[in-house]
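In: A structural model of the following input is requested.
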Amino acid sequence: MIRVRAAFTASALGLAFVSGWGVLPHTAMSQTAQRLGVDSARGVYSFAPNLERSLPAVVKVMALGGTSPSSDDGPKPIQGGSGVIIDAANGIIVTNHHVIDGGRNFTIDLLDGRFLDAELVGADEATDLAVLRVRGTGLTQVAQVDSDELRTGDLAFAVGYPFGLDQTLTMGVISGLNRTGRGDTIEDYIQTDAAVNSGNSGGPLLDSRGRLIGINTSILSGGMGGGNDGIAFAVPTRILRFVVDQILANGEVKRGEVGLVVGSLTAPRARELGLGIVRGAVVHDVYPGSAAEKAGLKRHDVITSLQDRPMMNGGSVQASVGITTPGTVLSVTYLRDGKEGRTIMTVDDDKAAIAHLGQSEAIARGITVREVADGVQVQVVEAGTLAASVGIKAGDVVTFIDKAPLRTLSDFARAVDSPNKIHLIVQRDAAQVEFDLAR
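Out: Predicted coordinates:
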């Protein structure tokens with residue numbers, strides 16, 4: 001709630017604002033009112049003049065699947081959400097990957113009642129973003145603002161089409177920045193308490209001037225119904241711009257990697273390392289021959305900044321590297337044995353190898369493994385990968401790949417180093433489970 005000490009007089013609605021130094025002069029009165037969101041003609045607080053310019057850019061997105069076997073009515077709706085036009089001249093719309101996932105055809109509904117067919121330009125599951133293109137006239141685009149300029153406490157407005165309703169606007173504040181830990185994707189979320197519900201996915205989060213600051217993507221709900229509990233997350237424009245530029249240029253996102261396995265610096269871990277901070281990313285492993293190894297980074301180093309941008313946790317590092325292209329030079333600040341160090345590393349191509357073999361872990365085909373007494377044990381299964389979809393779980397011990405027994409990380413790396421499908425046998429509790437896993 002905005003609290004303004006104001007006195008209303010009868011002349012022209014008499015908006016005269018009281019400051020700590022007295023009543024502002026009449027010449028400053030209208031300027032102050034405008035800054036504070038006051039509609040002086042009606043004598044009410046309103047952000048409508050700023051927001052109404054952007055609302056026509058917010059669209060309803062529908063993903064269509066195959067036709068019904070018993071009907072010739074055409075493709076059937078399978079899911080929907082929201083989106084926002086960021087380039088009216090070229091008909092470019094941004095929405096969520098999960099809104100369009102599985103769709104074959106796409107349509108959008110405009111605020112003025114029109115609906116248009118849309119084509120999918122490309123999508124990026126790692127950031128949950130997708131780009132659509134429409135052909136149409138009279139389109140409106142939303143202005144963008146650099147999300148790095150945001151501050152906790154700024155007003156935020158979510159716009160979309162929740163629960164099948166017409167376009168809906170909700171208001172809240174930015175509750176936090178640089179939020180991570182929602183999954184295994186590239187995360188650097190804006191957190192807001194503006195109401196975001198089913199159908200809002202892919203819609204814009206706007207600032208009080210109606211400018212785009214993020215794309216609403218998920219909520220944290222404690223209720224059984226999955227409704228809004230005042231914690232919602234949006235992909236910031238900092239990430240959006242990189243992803244959209246890549247998709248428009250290449251049809252996909254081409255990002256690099258640096259060969260690091262990192263985790264968040266927690267209080268217990270900080271005590272183990274003799275540190276008095278709980279902000280940063282602990283290096284768990286470094287891939288041999290990687291950019292990180294060439295830069296001199298080692299296990300137990302704590303990365304505190306990349307490109308002079310503070311790293312709050314492991315997710316911050318993942319997000320910062322995830323919006324870089326191969327060849328990018330990154331400046332790194334880190335702590336080792338409590339002392340600060342600096343280095344630079346040049347981002348590698350993330351498609352250089354199928355398996356990444358580190359000192360204590362190996363990563364391939366969406367799973368991270370570590371040596372144990374009777375094989376190699378799955379530590380992490382990346383969300384959205386084939387490994388996750390076929391049912392491989394953290395804790396599984398991989399004992400055989402294509403009938404070859406596994407004992408070491410090197411065995412695992414050699415076994416998966418193939419473009420072909422591989423057959424895994426894993427030990428899960430007292431049972432053996434088998435999986436086929438493509439690259």
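In: and stretch 173-180, what's buried?
Out: The neighbour-count criterion (16 or more other CB atoms under 10 Å) identifies 174-175, 177-180 as the buried residues of stretch 173-180. C-betas here are computed from N, CA, C, even on glycine.
In: so of these, which ones are in strands?
Out: Taking DSSP state E as the definition of strands, the buried residues of stretch 173-180 contribute 174-175, 177-179.
In: min pLDDT across these, which one?
Out: The pLDDT minimum for these sits at Asn178, where the score is 77.
In: tell me the contacts of the closest residue to Gln191 other than its chain neighbours?
Out: Closest residue to Gln191 apart from its sequence neighbours, by CB to CB, 6 or more residues apart in numbering: Gly176 at 4.0 Å. Gly176 sits next to 152, 190-191 when contact means CB atoms under 8 Å, 6 or more residues apart in numbering.
In: from those, which is closest to Gly81?
Out: Closest approach between the contacts of Gly176 and Gly81, by CB to CB: Ile190, at 17.9 Å.
In: what about the closest one, distance to Arg179?
Out: Between Ile190 and Arg179 the distance is 7 Å, computed by CB to CB, to the nearest Å.
In: quick one: common contacting residues for those two?
Out: Listed contacts common to Ile190 and Arg179 are Phe233; contacts here mean CB under 8 Å, 6+ apart.
In: hang on, the earlier thing: just the ones of the contacts of Gly176 in strands?
Out: 190-191.
In: can you tell me which of the contacts of Gly176 has the most neighbours?
Out: Ranked by neighbour count under the definition other CB atoms under 10 Å, the contacts of Gly176 are headed by Ile190 with 28 neighbours.
In: ok, that residue touching Val173?
Out: No. Ile190 is not in contact with Val173 according to CB atoms under 8 Å; the separation is 10.8 Å.
In: residue contacts, the nearest residue in space to Gly276 that is not next to it in sequence?
Out: With sequence-adjacent residues excluded and distances taken as CB to CB, 6+ apart, Gly276 is closest to Ala270, at 7.2 Å. Contacts for Ala270 were tallied using CB under 8 Å, 6+ apart; they are 276-278.
In: out of these, which is most surrounded?
Out: Note: the member of these with the most neighbours is Val278, at 15 neighbours, neighbours being other CB under 10 Å.
In: could you report the pLDDT at it?
Out: According to the model's per-residue confidence, Val278 sits at a pLDDT of 85.
In: with Ile392 instead?
Out: 91.
In: sticking with it, tell me its helix or strand.
Out: Taking DSSP states H and E as the criterion, no element holds Ile392; it sits outside all helices and strands.
In: which ones are touching it?
Out: Contacts for Ile392 were tallied using CB under 8 Å, 6+ apart; they are 367, 378, 381, 424, 426, 435, 437.
In: burial of the third one, as a residue count?
Out: Okay, so that is Val381. Val381 has 21 neighbours, counted by other CB under 10 Å.
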